[in-house]
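>>> sequence first, predicted coordinates after that:
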Amino acid sequence: MRASVARGLDLRKPSLAMLMVIVGVVGRLLLLNYANFETVLVSTFFAGALLGGVYTIVVPVAIMGISDSLIYTFQLGNQYGLVAIAGIAFFTWSGFLMIAVLGRFSRPRAVLATKGIAAVTGIGLLGTLLFDLWTAFGMWLFIASPTGHGLDYVYVRQIPFTVYHLLSSLIFIPIFGTLFIHLDKVGFPRIVLREAPSASPGKASGLHFASDSVDPASRREDGPRSKPPAKGSQAASTPDVTPVIPGPA
Amino acid sequence: MKEPLQALAFAVAVVVSASGLWVLGGALEEPRVSPSATGLNLHLRVEALDWHLEYDAETTNNTAFSFLLEASDVHGLEVTFSRWEVPSGVKVDSINGFGDGDHGGRWWQYWVNGEYGDVSADKRELHDGDVLVWSYAAYPPPEAGP
């Protein structure tokens, strides 16, 4: 894959991680009134599947940290006591970390094809079920158990919420999963700043958008055609074509 | 199967599955309560740590939530609540400044004729002669039951 910037600094992973955090936080805040409809799960799952490494932890922690801070600071959600927050938060946060690890093991299936999207959707639905089982256990441990209520008390009441959580995953995993996989494989659109006046009459200098997926030869200005550059070499047949530094495939 | 056909099949499967989950979720929800056509004689008691309120009325507000709101309008109680869209429901967050989770982990809960209310307050229907109690108590109370 071509590097997105000069000097060998590859910002692909940090950029994708940042997008995942934005999707997770914004989606969670916008869907607060829709119990268990959220975009945190899809972001953490694909952080594990596509980015791996430190991002497996950083992305879910960032999403939950930022969104929880906003929710409790601005009282956007239900108001709970501090003990309940701490106890339930442990299970929620660790649940999303578990999803990220599940995503990591799903990495080979995260490909930009229908079979790949279908596979990760299925795995994501399984992860949703496991997440709900885990967090419901936390609810039982911190809220229901102290007064002698059994685990079945909590799990039976969890069923309607799990149904909607599965629906949320069924919608968001294919949509955002396709987007994340596409950006991971193809790259973000780049802004190419033209530095020199155009040699062709009628063409003004300015900002141009290019995609890493576009062959640099196709970005040439109108003018004498030249042979496309060999793979791995720089393309600079005319003064005003921005040199493209190819990166790893 | 070619990729476009696979994509179409997957999209159809997602739509069908999502529709099924949506219908199932709706079926599992408590049904909405229609407003009463005739007036009901109801009694309400709201009790917290060091205060309580008694309210009697003949009313068509026939849910544990709507009757509480009626009493709050009459007596100037400040009631804050959160409303859920999916699944639909309400949760009373505070009454007269006493909020959920404060004062040693007390939460607002309701009982109807001594029976603990374990459904959303706007889904619990009241009938003529019912006694509704909103109490600021530890959660969940022992009488909640499985």
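Alright, I've got the coordinates. Numbers count the residues shown, from 1 in each chain, chains lettered A, B, ... in the order given.
>>> tell me the secondary structure for B:L77?
coil (DSSP: H, G, I helix; E, B strand; the rest coil).
>>> quickly note the distance from it to chain A.
B:L77 sits 17 Å away from chain A, taking C-beta to the nearest C-beta, to the nearest Å as the criterion. Every residue, glycine included, has its C-beta placed from N, CA and C.
>>> what of B:T60?
Counting by C-beta to the nearest C-beta, the gap from B:T60 to chain A is 27 Å.
>>> so what's that residue up against?
B:P35, B:S36, B:A37, B:T38, B:G39, B:L40 (C-beta atoms under 8 Å, 6 or more residues apart in numbering or on different chains).
>>> and the pLDDT at it?
Looking at B:T60, its pLDDT stands at 94.
>>> ok, the contacts of B:T60 vs B:F67, which is closest?
B:L40 (8.8 Å; C-beta to C-beta).
>>> returning to what we had before: list buried residues within the contacts of B:T60.
B:S36, B:L40 (16 or more other C-beta atoms under 10 Å in any protein chain shown).
>>> out of the contacts of B:T60, which is nearest to chain A?
B:P35 (23.2 Å; C-beta to the nearest C-beta).
>>> which SS class is the closest one?
Under three-state DSSP, B:P35 comes out as coil.
>>> before we move on, what about B:F81?
strand.
>>> likewise B:D56?
Strictly by three-state DSSP, B:D56 counts as strand.
>>> bridging residues for it?
Assessed by DSSP bridges, B:D56 has beta-bridge partners B:H43.
>>> quick one, what contacts it?
B:N41, B:L42, B:H43, B:L44.
>>> so the closest residue to A:T162 other than its chain neighbours versus A:G95, what's the distance?
The shortest distance from A:T162 to any non-neighbouring residue, by C-beta to C-beta, 6 or more residues apart in numbering or on different chains, is to A:D132 (4.5 Å). Distance, A:D132 to A:G95, using C-beta to C-beta, to the nearest Å: 8 Å.
>>> who has more neighbours out of the two?
A:G95 (23 against 20; other C-beta atoms under 10 Å in any protein chain shown).
>>> mind telling me what element that one is part of?
In this structure, A:G95 is located in helix A:82-105 according to DSSP states H and E.
>>> which residues touch that helix?
A:40-41, A:44-50, A:52, A:56-57, A:59-61, A:63-64, A:68, A:72, A:80, A:110, A:123, A:126-127, A:130-131, A:134-135, A:137-139, A:141-143, B:101, B:105.
>>> for chain B, which segments count as helices?
Applying DSSP state H to chain B gives helices spanning B:3-28, B:64-75, B:102-105.
>>> what residue ranges in chain B score low on pLDDT?
B:1, B:139-146 (pLDDT under 70).
>>> show the pLDDT at A:G138.
pLDDT, A:G138: 89.
>>> list the contacts for it?
A:G87, A:I88, A:F90, A:F91, A:T92.
>>> now it: how far from A:E38?
17 Å.
>>> please apply the same query to B:G89.
Applying C-beta to C-beta to B:G89 and A:E38 gives a distance of 17 Å.
>>> give me every residue in chain B lying close to chain A.
Counting by C-beta under 8 Å from any C-beta of the partner chain, chain B comes close to chain A at B:3, B:6-7, B:9-10, B:13-14, B:17-18, B:21-22, B:24-25, B:28-29, B:82-87, B:91, B:93-94, B:99-102, B:105, B:138-142, B:144, B:146.
>>> going by neighbour count, which of those residues are buried?
Buried members of these, counted by 16+ other C-beta under 10 Å: B:7, B:10, B:14, B:21, B:25, B:29, B:82, B:84, B:86-87, B:91, B:93-94, B:99-102, B:105, B:139-140, B:144.
>>> was I right about the residue nearest to A:T162 contacting A:H165?
Yes: using C-beta atoms under 8 Å, A:D132 is in contact with A:H165, at 5.8 Å.
>>> shared neighbours of those two, which are they?
A:N36.
>>> check contacts around the closest residue to B:A57 other than its chain neighbours.
Closest residue to B:A57 in three dimensions, ignoring its sequence neighbours and counting by C-beta to C-beta, 6+ apart: B:L42, at 6.1 Å. Applying C-beta under 8 Å, 6+ apart, we find B:L42 in contact with B:D56, B:A57, B:E58, B:T59, B:N62, B:F67, B:L126, B:D128, B:G129, B:D130, B:V131, B:L132.
>>> which among the residues you listed count as buried?
B:T59, B:N62, B:F67, B:L126, B:D130, B:L132.
>>> ok, the residue in chain B that chain A sits nearest to to A:V186 distance?
The minimum distance from chain B to chain A, using C-beta to the nearest C-beta, falls at B:G101 (2.7 Å). Note on B:G101: its distance to A:V186, by C-beta to C-beta, is 47 Å.
>>> A:V23 contacts A:I173, correct?
No: counting by C-beta under 8 Å, A:V23 stays clear of A:I173, with 11.9 Å between them.
>>> and those two? Which one has more around it.
A:I173 (27 against 20).
>>> quick check, the more buried one in contact with A:A119.
No: checked against C-beta under 8 Å, the pair A:I173 and A:A119 is beyond contact range at 10.6 Å.
>>> what residues sit buried inside the lengthiest helix in chain A?
Using DSSP H to define each element, chain A has its longest helix at helix A:151-186. By 16+ other C-beta under 10 Å, the buried positions in helix A:151-186 come out as A:153-155, A:158, A:160-174, A:176-177, A:179-181, A:183-184.
>>> and B:F81, how far from B:G26?
For B:F81 relative to B:G26 (C-beta to C-beta), the value is 22 Å.
>>> and what of B:E58?
Taking C-beta to C-beta, one finds B:E58 at 34 Å from B:G26.
>>> for stretch B:99-108, C-alpha coordinates in PDB please.
In PDB, the C-alpha atoms belonging to stretch B:99-108 read as follows (Å, rounded to 0.1, in the frame of the first residue of the first chain):
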ATOM      1  CA  GLY B  99     -32.000  11.600  42.600                       C
ATOM      2  CA  ASP B 100     -31.400   8.000  41.800                       C
ATOM      3  CA  GLY B 101     -28.300   6.600  43.300                       C
ATOM      4  CA  ASP B 102     -28.000   9.400  45.900                       C
ATOM      5  CA  HIS B 103     -28.400   9.100  49.700                       C
ATOM      6  CA  GLY B 104     -26.700   5.700  50.000                       C
ATOM      7  CA  GLY B 105     -27.800   4.200  46.700                       C
ATOM      8  CA  ARG B 106     -31.600   4.800  46.900                       C
ATOM      9  CA  TRP B 107     -33.700   4.700  43.700                       C
ATOM     10  CA  TRP B 108     -37.200   5.700  43.000                       C
END
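>>> I am finished for the moment; much appreciated.
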